[in-house]
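Colleague: Below is the structure, and that's it, no one-letter string:
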């Protein structure tokens, strides 16, 4: 009898305990903070359907409780009425993810905290959603984070984070913020990250490797009245970000936010271009922002297979960057989506060591040229198609060692009787050859 009772107790201990067993009311009126904290201190937490009002952060200390997490019933909601994160998840991981170097206590006791299946709502000006620090192999899925300051915040040293199937929606700050972070391997996938006024996915003051963003809908994470930000912003004014991809996603809105971008990489300076880059941007739909893609002080970025539209200042602006590859991308302005004021410019300033091959540009408006390469060198521009665009086709201004070949440049609008296909202004060691055009070249 005693042995049977011990077996039943051991089996129960492996299961998540309901917060109702720790005194939570879940009626949206009672203060359930203490009950949720008692449940979190006991191990894995089950959050049944209900509305749980809390006034301070619920701490999940993995070194104390062992493998743990919080899972809800989808109709479960935590309402944070105080400042700080609703959930603070901390561990003691301090090394790499290499199994040979990992602390065995972290590997066995702190592994794989799972946060899934509920909503967190903010009811305080400084309420955040979830904060993660010192954690190995965390997983977030099937969550809704709304009306908060920042949705998910990662800081300190973390490894191997999975974020999938989350809605981070209508928050005052950043949707997913990586701040002062040392992180290798994070996947953000199949998620809806929208209407977060401080940015969608923002990395700053961090050292990050292997950041993969895929098959997400990332929209309108900026404000027309706030400071410029981006749907995805990798900012390495301090730190470095390398090895990653933005793939198969929709990034768009809000074109009214002057200076904001869909994708923005910001490096440290011309002497440290390698601090942001070694990245692929592929197979995305990118539209309706002041800058669709903006690279500054970046190195090693491959941009291919994307569809661009409604770049109100630029479809692509590359400044002081090197080793950029722009492959076949469609830059068109579908008449069904016309809005006043778009330019769809493609501009490279003060950059080098770049290949542009197979790029298709249609309907640039109010621009000096559809493609501008200025104060730059060692460019190979081949197989580019430019159609029905205002201004020139290609402008080379103070360039060196630039080859333009095998391009088709035409303006079929009847009012354009004469236009410049390619203009070369100053520079040396440039070659323009094999241009099929109804326009002319200068000089």
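Modeller: Arrived safely. As the structure is a computational prediction, the values presented were derived from the model and not from experiment.

Colleague: does the closest residue in space to residue 227 that isn't next to it in sequence sit in a helix, a strand or a coil?
Modeller: With sequence-adjacent residues excluded and distances taken as C-beta to C-beta, 6 or more residues apart in numbering, residue 227 is closest to residue 259, at 8.0 Å. Using the backbone N, CA and C atoms, a C-beta is placed for each residue, glycine as well. Under DSSP: H, G, I helix; E, B strand; the rest coil, the three-state class of residue 259 is coil.

Colleague: wouldn't residue 259 be in contact with residue 230 here?
Modeller: No. Look at residue 259 against residue 230 with C-beta atoms under 8 Å: they stay out of range, at 9.8 Å.

Colleague: who has more neighbours, these two?
Modeller: Legend: neighbour count by other C-beta atoms under 10 Å for residue 259 and residue 230, higher for residue 230 (29 against 15).

Colleague: can you pull the contacts of the more buried one?
Modeller: Neighbouring residues of residue 230 by C-beta atoms under 8 Å, 6 or more residues apart in numbering: 199, 200, 202, 221, 222, 260, 261, 262, 263, 264, 294.

Colleague: gap between the first one and residue 443?
Modeller: The gap separating residue 199 from residue 443 is 45 Å, by C-beta to C-beta, to the nearest Å.

Colleague: go on, the second one?
Modeller: Distance check for residue 200 against residue 443: by C-beta to C-beta, it reads 45 Å.

Colleague: Who has more neighbours out of these two?
Modeller: residue 200 (32 against 5).

Colleague: Find the nearest non-adjacent residue to that one, please.
Modeller: Leaving aside its chain neighbours, residue 200 sits nearest to residue 221 (3.4 Å; criterion: C-beta to C-beta, 6+ apart).

Colleague: Distance check, the one you found against residue 199.
Modeller: Counting by C-beta to C-beta, the gap from residue 221 to residue 199 is 5 Å.

Colleague: Mutual contacts of these two, please.
Modeller: Shared contacts of residue 221 and residue 199 (C-beta under 8 Å, 6+ apart): 174, 175, 229, 230, 231.

Colleague: Helices - which of these land there?
Modeller: Taking DSSP state H, every one of the shared contacts of residue 221 and residue 199 sits outside helices.

Colleague: out of these, who's nearest residue 429?
Modeller: Each of these was checked against residue 429 using C-beta to C-beta; the closest is residue 230, at 36.0 Å.

Colleague: So what pairs up with the closest one in the strands?
Modeller: Beta-bridge partners for residue 230, by DSSP bridges, are residue 261.

Colleague: Give me the below-cutoff pLDDT ranges for the stretch 101-250 of the chain.
Modeller: 101-108, 110 (pLDDT under 70).

Colleague: Which parts of it are strands?
Modeller: According to DSSP state E, counting those that start in this stretch, the stretch 101-250 of the chain carries its strands in the segments 114-122, 127-133, 139-146, 152-164, 167-169, 174-189, 192-194, 199-214, 217-219, 230-247, 250-252.

Colleague: mind checking how far the longest one is from the chain centre?
Modeller: For strand 230-247, the distance from its own C-alpha centre to the chain's C-alpha centre is 8 Å (C-alpha atoms, centre = their mean, to the nearest Å).

Colleague: number of nearby residues for the residue nearest to residue 200?
Modeller: 31.

Colleague: ok, the spatially closest residue to residue 266 that is not a sequence neighbour - contacts?
Modeller: Closest residue in space to residue 266, ignoring its immediate chain neighbours: residue 235 at 4.7 Å, by C-beta to C-beta, 6+ apart. Neighbouring residues of residue 235 by C-beta under 8 Å, 6+ apart: 202, 203, 204, 205, 264, 266.

Colleague: For residue 235, give the beta-bridge partners.
Modeller: In this entry, residue 235 is beta-bridged to residue 204, residue 266, by DSSP bridges.

Colleague: With residue 247 instead?
Modeller: Residues in a beta bridge with residue 247, per DSSP bridges, are residue 214, residue 282.

Colleague: Surely it and residue 302 touch.
Modeller: No. Taking contacts as C-beta under 8 Å, residue 247 lies outside contact range of residue 302: 11.1 Å.

Colleague: Next, the buried residues of stretch 366-376.
Modeller: 367, 369, 370, 371, 372, 373, 374, 375, 376 (16 or more other C-beta atoms under 10 Å).

Colleague: wait, the second one sits on residue 395?
Modeller: The one in question is residue 369. Yes. Assessed by C-beta under 8 Å, residue 369 is found in contact with residue 395 at 3.7 Å.

Colleague: what is in contact with those two at once?
Modeller: Counting by C-beta under 8 Å, 6+ apart, the shared contacts of residue 369 and residue 395 are residue 423.
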